[in-house]
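Student: fold the following and give me the result.
(one chain, ligands or ions: 1)
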Amino acid sequence: MVFQNLLIENKERIRYIIINRESKLNALNKDTLAELHTAIDEAFSSSKVGGIIITGAGQKAFVAGADIAEFAGLGADEGRQLARQGQTTVFDLIENGNKPVIAAVNGFALGGGLELAMACHIRVASDNAKMGLPEVTLGLVPGYGGTQRLTQLVGKGKALEMIMTADMITAAEAYQYGLVNHVVSQEELLAKAEEILNKILLRAPLAIASAITAINAGMRDGVNGFETEIEEFSKCFGTQDFKEGVSAFLAKRKPDFKGE
Ligand code: COA
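Tutor: Alright, predicted model coming up:
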């Protein structure tokens, strides 16, 4: 599949999705979001792909936000449509995916860029990365889930401070707040993301999908995460992977999971 704004690479079972608009600091315009939807959807349904790493092209930015140039002239209805469409087709799609998605944050992750990283299951940042939700400087609020996911990750007080001041934070601060899982040098960034993903890929794929579903359920209003956990736990007993995991343990050998 050929994209105008993304580079796709494969490294064994890892699918790299690289946002490739370096001259605009990888800002997410409409076309890039549409391509991201297609690329993520395809990766989730491909049997060759075990997990995804999303990163930005170049050394300077992961994604410096939604493309501000496309905001000019929009009204309230178009704004609603933009946020709803983006949330459903890209950000929620990633969060609810059946495969692990890691954001390798290699520089600025601002606005929609930080929202993209936050929709991923795990974030690894390079030590030069800067993160923030500066939408109020434009007279806006975050629209791709930022008010909700930042609050879930760092708590209400820090989320309110970051969103209302529009301040950028460093990778070290993001680590301290629990916004990113690891901070490493830029040279080590992809290796660290791969190391984590390769470890996950040794585990039972259907159990990983169940873990994502159950953990996400606890974040939803009106959904009892404990009940979801019971259902997902029960589902796991019906898989070949469960039989393989237990037999391998009892036979003192490494399991060979097929995701079945
Ligand atoms: N949307 C559209 N274009 C963007 C962009 C965005 N979110 N972020 C950066 N760009 C473009 C710039 O307009 C510039 O394009 P040009 O060379 O055609 O003029 C190019 O990317 C390089 O950015 P520049 O601002 O010159 O780099 P810098 O190093 O001086 O500053 C930032 C880097 C990230 C601090 C600055 O680009 C910035 O504040 N970007 C907007 C961040 C933001 O508010 N994001 C939230 C959007 S909701």
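Student: nearest residue to the residue nearest to the spatial centre of the chain other than its sequence neighbours?
Tutor: In the chain, the residue lying closest to the centroid (CA atoms, centre = their mean) is Cys120, at 1.4 Å. Nearest residue to Cys120 in three dimensions, chain neighbours excluded: Ala103, at 3.9 Å (CB to CB, 6 or more residues apart in numbering). C-beta here means a position set from N, CA and C on the backbone, and glycine is covered the same way.
Student: got the phi and psi for that neighbour?
Tutor: When read as degrees, to the nearest 10, the backbone of Ala103 gives phi -90, psi 120.
Student: what's near enough to touch it?
Tutor: For Ala103, the contacting residues are Ile53, Ile54, Thr55, Phe62, Ala109, Leu116, Ala117, Cys120, Ile122, Arg123, Val124, by CB atoms under 8 Å, 6 or more residues apart in numbering.
Student: so who does the closest residue to the ligand within the stretch 101-250 of the chain touch?
Tutor: Of all residues in the stretch 101-250 of the chain, Gly111 sits closest to the ligand, at 2.6 Å by CB to the nearest ligand atom. Taking CB under 8 Å, 6+ apart, we find Gly111 in contact with Ala64, Gly65, Ala66, Gly132, Leu133, Pro134, Glu135, Pro142, Gly146.
Student: my guess is the residue nearest to the centre of the chain contacts Val101. True?
Tutor: Yes. Assessed by CB atoms under 8 Å, Cys120 is found in contact with Val101 at 4.6 Å.
Student: residues shared between the contacts of these two?
Tutor: With CB under 8 Å, 6+ apart as the test, Cys120 and Val101 both reach Ile54, Ile94.
Student: buried ones in stretch 232-245, by neighbour count?
Tutor: Glu232, Cys236, Thr239, Asp241, Phe242, Glu244, Gly245 (16 or more other CB atoms under 10 Å).
Student: hang on, I meant stretch 77-85
Tutor: So stretch 77-85, judged by 16+ other CB under 10 Å, has buried residues Leu82, Ala83.
Student: does Gln240 touch Pro255 like I think?
Tutor: No. Using CB under 8 Å, Gln240 is not in contact with Pro255; the gap is 10.8 Å.
Student: what segments of the stretch 101-250 of the chain are strands?
Tutor: Secondary structure of the stretch 101-250 of the chain (DSSP state E, counting those that start in this stretch): strands at 101-105, 108-110, 122-126, 130-132, 169-170, 182-184.
Student: now, which of the contacts of Gly111 lie close to the ligand?
Tutor: Residues of the contacts of Gly111 in contact with the ligand (CB under 6 Å from any ligand atom): Ala64, Gly65, Ala66, Pro134, Glu135.
Student: what residues does the last one make contact with?
Tutor: Residues in contact with Glu135, defined by CB under 8 Å, 6+ apart, are Gly111, Val141, Pro142, Gly143, Gly146, Ile163, Ala166.
Student: what about the helices in the stretch 101-250 of the chain?
Tutor: Taking DSSP state H, counting those that start in this stretch, the helices of the stretch 101-250 of the chain run over residues 112-119, 146-154, 156-165, 171-177, 189-201, 205-217, 225-237, 240-250.
Student: what does the stretch 101-250 of the chain put close to the ligand?
Tutor: Phe108, Leu110, Gly111, Gly112, Pro134, Glu135, Leu138.
Student: and stretch 28-47, anywhere near the ligand?
Tutor: No. Judged by CB under 6 Å from any ligand atom, stretch 28-47 makes no contact with the ligand; its nearest approach is 7.7 Å.
Student: now that stretch, how far from the centre of its chain.
Tutor: Between the centre of stretch 28-47 and the centre of its chain there are 13 Å (CA atoms, centre = their mean, to the nearest Å).
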